[in-house]
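*Asks:* Provided below for reference: sequence and predicted model.
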Amino acid sequence: MRETSSAVTMAAQVRFPRPRFHHVGVQTTDLENSVRWYEDFLGCRQAWSLDQFSELTRSRLPGIHGLTEMVLGDVRFHLFGRPGRKSEPAESAVQFQHFCFSVSAADELVRLRQHWIELYGSDRYTFAIDEQPTDIVIDDDGVQSFYTYDVNGLEFEFTFVPDGLS
């Protein structure tokens with residue numbers, strides 16, 4: 001049976017909900033270490049914390065003992081404390097590659113990378129991956145980036161995109 005043009009028109013007018021991004025959930029074996037790191041490196045602020053969880057949450061995240069929301073502008077990180085879990089995912093695990101933050105000037109990359117190195121050298125944090133940030137690379141189109149890990153072993157990219165590029 002063929003659809004009539006009015007049925008197609010009606011179907012085209014149906015508006016589906018358009019979800020918006022809300023937060024990134026990060027599981028950590030050391031919640032306090034992660035909170036300090038996100039405050040000191042990214043400049044996040046703590047919005048709220050929980051230590052009581054629904055049965056659903058406890059069944060999905062066995063061992064959870066705390067949850068803290070860290071906020072940086074419009075970006076939210078939900079840090080889930082789950083002690084005793086392996087920090088690094090298995091090599092073959094499907095996972096996000098990295099999260100990328102942009103800066104407004106190329107020299108901010110240099111300062112941010114140096115800030116990471118200084119915090120790493122302070123011995124105030126425990127890192128899941130013992131690796132320094134990459135050098136800052138400059139692509140042919142002028143985009144500049146470096147990659148590094150947070151205290152949990154999650155990879156972040158920091159990039160500067162010159163005006164006129166997206």
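*Replies:* Now that the structure is in, tell me what you want to look at.

*Asks:* ok, now which ones touch residue 104?
*Replies:* The contact partners of residue 104, taken as CB atoms under 8 Å, 6 or more residues apart in numbering, are residue 160. Using the backbone N, CA and C atoms, a C-beta is placed for each residue, glycine as well.

*Asks:* for residue 54, see how far away it is.
*Replies:* In this view, residue 104 and residue 54 are 40 Å apart by CB to CB, to the nearest Å.

*Asks:* can you check residue 65 too?
*Replies:* 14 Å.

*Asks:* quick one, which of those two is more surrounded?
*Replies:* residue 65 (13 against 8; other CB atoms under 10 Å).

*Asks:* surely that one and residue 79 touch.
*Replies:* No: Residue 65 is beyond contact range of residue 79, at 11.6 Å (criterion: CB atoms under 8 Å).

*Asks:* now do the shared contacts for those two.
*Replies:* residue 31.

*Asks:* just after the longest helix along the chain, pick out the following helix or strand.
*Replies:* Looking across the chain with DSSP state H, the single longest helix is helix 106-121. Next along the chain after helix 106-121, taking DSSP states H and E as the criterion, comes strand 137-138.

*Asks:* residues contacting that next one, please?
*Replies:* Contact with strand 137-138 is made by 144, 145, 146, as judged by CB under 8 Å, 6+ apart.
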